[in-house]
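>>> What shape does this take:
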Amino acid sequence: MTAPRTPRRLQVLVAGPSARTQGGMASVQRLLERWVPDDVELHVVATYTEGGVATRLRATLAGVGGAVRTLMTRRIDVVHVNLSKKASVLRKGVILTVGRLRGAATVVHAHAGLFLDWYDGLPRPAQALVRRLLVADRVIVLNATVRDGYAQRLGVPAGRMVMMTNPVEWPASVPERTDDGPVVAAFLGALREKKGVFDLVRAVDLLPAEARERLRVVAAGHEDPAPLRAAVRDTGVGDVIEVSGYLDAAARDALLARAQVLLLPSHAEGLPMSVLEAMAWGVTPVVTPVGGLPALIRDGENGVLVPVADPDALAAALGKLLVDDAGRHEIGARAREDVRGFAADAWAARLADLWRDVAGVRA
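Predicted coordinates for the structure are as follows:
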């Protein structure tokens, strides 16, 4: 009797930044590599890493070259590219083009919150090239704003667009928050103006003395912390705000375990990983209504929404949370419940279903 054949595993080439780099895209990549279902075999190529120009160029050449070599020598069912903007478009466009020529299904996973602004600033011939490079069987977007923008600018048919949230590592349990001692608030993101971190400095300066005495802010993230440290010093809020560098996953979780508030008053976003991570830890998010956040955050229920670039409003919202311990705890608990469906294992299973579907359609 002939033994049944083991089904062939789905072969998926994933191209994007190195999982060892900093930022949200790398966090998504790490979770994907950890939680991908057993019937999928990933071929991961890193087309970007941090460092000087020479280091980044070597990573690009090695990554794109490795992807092309894999596509030419193996049967790949799906090419999945994690897309940012600028040079990322050229890197991923080459890989998508070779993948299409080799008969693979193609998926563009759009991550950059400012991709459409960047695209709008290009001359028309460059826009036409971007549209050609990013032709794909499916385009994954984080929110309706990006979906509509891709449809209008890049001409992606509605049937090829898929809205899919980012994943989050789900803590099995979270510590019980108490009202003793200072209220710890975390800022997790790039330490630059577009993330609203300088608005946060100005907001803390606007708080009354009794609120400042109860608040401790830890601002952590990649990019040079020197400008933020100078702003903290010059504004005179060094007694409240501690500027940290980039935190690895363990240090980030340790901060979120003791934090009660996440502050991310960004000027533009997709769907920031730090908000999902904070909510999973039962932390109350205070954010701006940009990108996918208005669809996630219900003001006063599972978080707080404040206007963009408005330190006065941010200070007022933070002041209310500092004096309402019960309300702050309730919002944090509801936030955790509302992101339960974002857990990485369920997310990876949904992504694998999409790959199987698009590979079947392509075949």
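
>>> show me the contacts for Asp117.
Residues in contact with Asp117 (CB atoms under 8 Å, 6 or more residues apart in numbering) are Ala268. Using the backbone N, CA and C atoms, a C-beta is placed for each residue, glycine as well.

>>> Against Pro265, how distant is it?
Here Asp117 is placed at a distance of 18 Å from Pro265 (CB to CB, to the nearest Å).

>>> and the residue nearest to Phe115 when sequence neighbours are not counted, what pLDDT?
Once flanking residues are discounted, Phe115 sits nearest to Lys85: 4.6 Å by CB to CB, 6 or more residues apart in numbering. Confidence at Lys85, expressed as pLDDT, is 88.

>>> ok, now Leu247?
pLDDT recorded at Leu247 is 92.

>>> what's the average pLDDT for stretch 317-335?
Across stretch 317-335, the per-residue pLDDT values average to 97.

>>> Give the buried residues for that stretch.
Residues of stretch 317-335 classed as buried: 317-319, 321-322, 328-329, 331-332, 334-335 (neighbour count, 16 or more other CB atoms under 10 Å).

>>> out of the residues you listed, which one sits closest to Val44?
Ala335 (31.7 Å; CB to CB).

>>> Packing partners of the helix or strand hosting that closest one?
When elements are assigned from DSSP states H and E, Ala335 belongs to helix 325-338. For helix 325-338, the elements it packs on are helix 273-280, strand 284-287, helix 311-323, judged by 3 or more CB pairs under 8 Å, 6 or more residues apart in numbering; DSSP states H and E.

>>> change it to 6 Å
strand 284-287 (3 or more CB pairs under 6 Å, 6 or more residues apart in numbering; DSSP states H and E).

>>> ok now the strand it packs on, how far from the chain's centre?
Centre-to-centre, strand 284-287 and its host chain are 16 Å apart (CA atoms, centre = their mean, to the nearest Å).

>>> Likewise for stretch 43-53?
Distance of stretch 43-53 from the chain centroid (CA atoms, centre = their mean) equals 17 Å.

>>> residues contacting Asp137?
Contact analysis of Asp137 by CB atoms under 6 Å, 6 or more residues apart in numbering lists 105-106, 358.

>>> just Trp347 next, same as before
Shown in contact with Trp347 (CB under 6 Å, 6+ apart): Pro167.

>>> quick one on the thing from earlier: please enumerate residues in contact with the helix holding Ala335?
Residues from elsewhere that reach helix 325-338, judged by CB under 6 Å, 6+ apart: 177, 179, 279, 282-284, 302-303, 321.

>>> what's the angle from whatever helix or strand comes next after it to helix 273-280?
Using DSSP H and E, the helix or strand that follows helix 325-338 towards the C-terminus is helix 344-362. Our comparison of helix 344-362 with helix 273-280, counting by axes from the mean of the first three to the mean of the last three CA atoms, to 10 degrees, yields an angle of 130 degrees.

>>> still on that earlier bit, scan the contacts of Asp137 and report the most crowded one.
Ala105 (25 neighbours; other CB atoms under 10 Å).

>>> will you turn the contacts of Asp137 into CSV that also has distance to Val130?
Listed next are those as CSV, based on distance: CB to CB, whole Å:
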residue, distance to Val130
Ala105, 21
Thr106, 15
Val358, 22
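
>>> residues touching the residue nearest to Phe115, list them.
Counted by CB under 6 Å, 6+ apart, Lys85 has contacts 112, 115, 118.

>>> 7 Å instead?
By CB atoms under 7 Å, 6 or more residues apart in numbering, the contact set of Lys85 is 112, 114-115, 118.

>>> Quick one, which of these are buried?
112, 114-115.

>>> ok, so of the residues you listed, who is nearest Pro171?
For the buried ones among the contacts of Lys85, the nearest to Pro171 is Ala112 (27.6 Å; CB to CB).

>>> pretty sure that closest one contacts Ser84?
Yes: counting by CB atoms under 7 Å, Ala112 touches Ser84, with 4.4 Å between them.

>>> May I have the phi/psi pair for Val81?
Backbone torsions for Val81, taken as degrees, to the nearest 10, come to phi -110, psi 130.

>>> residues in contact with stretch 280-290?
With CB under 7 Å, 6+ apart, stretch 280-290 has contacts from 168, 170-171, 174, 196, 256-257, 259-269, 275, 278-279, 293, 297, 303-308, 317-318, 321, 328, 331-333, 335-336, 339.

>>> which of those residues are buried?
Buried members of those, counted by 16+ other CB under 10 Å: 168, 170, 196, 256, 259-269, 275, 278-279, 293, 297, 303-306, 317-318, 321, 328, 331-332, 335-336, 339.

>>> distance of Leu114 from Met25?
13 Å.

>>> Tell me the secondary structure at Leu247.
Of the three states, Leu247 takes coil under DSSP: H, G, I helix; E, B strand; the rest coil.

>>> remind me which residues of this structure are low pLDDT?
1-6, 113, 361-363 (pLDDT under 70).

>>> Which parts of it are strands?
Applying DSSP state E to the chain gives strands spanning 10-17, 40-48, 78-83, 105-110, 138-141, 161-163, 183-188, 215-220, 241-243, 261-264, 284-287, 304-305.

>>> To Ala352, which of these lies closest?
strand 40-48 (5.3 Å).

>>> Quick one: residues in contact with the closest one.
With CB under 7 Å, 6+ apart, strand 40-48 has contacts from 9-18, 33, 36, 56, 59-60, 63-64, 66-67, 70, 76, 91, 352, 355.

>>> Is there a quick PyMOL command that grabs whichever of those are buried?
To isolate the buried subset of the contacts of strand 40-48 in PyMOL, counting by 16+ other CB under 10 Å, use the following:
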select buried, resi 10+11+12+13+14+15+16+17+18+36+59+60+63+64+66+67+70+76+91+352+355
